[in-house]
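Trainee: Sequence and predicted structure below; questions after.
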Amino acid sequence: MSPVTNLVGMTPAALEDLAVELGASRYRGRQIATWVYRKGVCDLEAMTDLPKEFRARLAEVAHLSLPAIERATPSQDGSRKLVLRLEDERRVSAVVMPDEGRVTLCVSTQVGCGYACAFCLTGTMGLDRNLTAAEIVGQVLAANALIGPGEERVTHIVFMGMGEPLANYAALADALRVLTDARLGLAYSPRRITVSTVGLVAGIDRLGRDGLRVNLAVSLHAATDEVRSRLMPVNRGWGLEALMAAVRRYPLAPRQRVFFEYVLLDGVNDSPDDARALARLLRGVRAKVNLIPFNDWPGAAFRRPPLPRILAFQGILLEAGVTTTVRWSKGEDIGAACGQLREPAVA
Ligand code: SF4
């Protein structure tokens, strides 16, 4: 065991194993989980019900560390963009979005992203590295610590920040186990967690097989392979047929739906024909479509469609019986909206 092991992000079962490795009982591992995840305490010295010798032994092999909030920029719409500094000085973003009694946190899973979607600012960075489970769970703990007493804590988590969650599967799965463990973890209902993917078929299948029961969101952005491959290079490997087959295999609870994100780009994927093709593609799928009018960023090659075109697109889907909302992204004025998250990876 290396002294750099971060106890944050370890599943309760892994903490129990660690306690045994150090010659203590599994119960000690459960105590650590309770301190970190139930009480939000990340200081070994403060874990007063652990025997002193055990704490000293633990300190030799492990530590507790959260990403540091370097900046919290408020937006006019009430959301806050957090820039978090990691232990190696790299930076990622998370966004806190309060809305009608819920507080949604958008978290990152990688520094940068290697999928190079044509409309996405984050994609222009390329992939730097995967986040660890500690850094993923740490974003939630850090955001909750930032939210003041009397304010509502994070109620919902969306994996829609920097990076492709399913390309960092092992860390994502451990983070989800910690977030959803009702007894010793952060006790979020899986139904309040959404994992968004660019469409990695093998990852979707694995998430379904592992029984993590979270909501699945697919960044679709086009209803034909021709347009999608132009916008999203990943589609050249896994086309729409394979993607939709994986979506249909994904296990859903009664009344649970798959979310489809569709960024509307003026003159590219926003025609009535595109809307009809999308309705056909989703036939028979329990789907909810989120239309995202493009958020401009400097140097972008796309524009947001005019309002009547956006509403006409939505109208066609609604008429076809597809639940569809238009998501006017939060945090646009602070560069925190979908596809706009970019921080210098290193200071
Ligand atoms: S849209 Fe998502 S998958 Fe595509 S480049 Fe941006 S962060 Fe990566």
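Mentor: Yep, it's here. Numbering: from 1, shown residues only.
Trainee: Could you use CA atoms for every contact and neighbour count after this?
Mentor: Will do.
Trainee: can you list the residues of the stretch 151-300 of the chain near the ligand?
Mentor: Within the stretch 151-300 of the chain, the positions near the ligand by CA under 6 Å from any ligand atom are 162-164, 198.
Trainee: ok, now with 8 Å
Mentor: Within the stretch 151-300 of the chain, the positions near the ligand by CA under 8 Å from any ligand atom are 160-164, 197-198, 219, 232.
Trainee: so which strand or helix has residue 217?
Mentor: strand 215-219 (DSSP states H and E).
Trainee: Without its sequence neighbours, what residue ends up closest to the residue of the stretch 101-250 of the chain found nearest the ligand?
Mentor: Residue nearest to the ligand within the stretch 101-250 of the chain (CA to the nearest ligand atom): residue 123, separated by 3.5 Å. Using CA to CA, 6 or more residues apart in numbering and skipping residues adjacent in sequence, the residue nearest residue 123 is residue 116, 4.3 Å away.
Trainee: Run through the protein and note the low-pLDDT ranges.
Mentor: 1-3, 329-347 (pLDDT under 70).
Trainee: quick one, helices of it?
Mentor: With DSSP state H, the ranges of helices along the chain come out as 12-21, 26-33, 52-61, 133-146, 169-180, 201-209, 225-231, 240-249, 272-281, 307-319.
Trainee: so how far is stretch 290-309 off the chain centroid?
Mentor: With CA atoms, centre = their mean, to the nearest Å as the basis, stretch 290-309 stands 22 Å off its chain's centre.
Trainee: do the same with stretch 155-162
Mentor: Computed by CA atoms, centre = their mean, the chain-centroid distance of stretch 155-162 equals 4 Å.
Trainee: Could you do stretch 186-200 as well?
Mentor: The chain centroid and the centroid of stretch 186-200 are separated by 7 Å, computed with CA atoms, centre = their mean.
Trainee: Report the beta-bridge partner residues of the residue nearest the centre of the chain.
Mentor: Nearest residue to the geometric centre of the chain (CA atoms, centre = their mean): residue 159, 0.8 Å. When assigned by DSSP bridges, residue 159 has beta-bridge partners residue 195.
Trainee: who's in contact with the residue nearest to residue 123?
Mentor: Listed by CA atoms under 8 Å, 6 or more residues apart in numbering, the contact partners of residue 116 are 123-124, 126, 232-233.
Trainee: Just the buried residues out of these, in PyMOL syntax.
Mentor: Selecting the buried subset of the contacts of residue 116 in PyMOL, with 16 or more other CA atoms under 10 Å as the burial test, is done by:
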select buried, resi 123+124+232
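Trainee: nearest to residue 261, of the contacts of residue 116?
Mentor: Closest approach to residue 261 among these (CA to CA): residue 232, at 13.1 Å.
Trainee: and the gap between residue 40 and residue 240?
Mentor: For residue 40, the distance to residue 240 (CA to CA, to the nearest Å) stands at 42 Å.
Trainee: what sits against the nearest residue to residue 9 once chain neighbours are set aside?
Mentor: In space, and not counting its chain neighbours, residue 9 is closest to residue 134: 3.8 Å by CA to CA, 6+ apart. Residues near residue 134 by CA under 8 Å, 6+ apart: 6-10, 66, 175.
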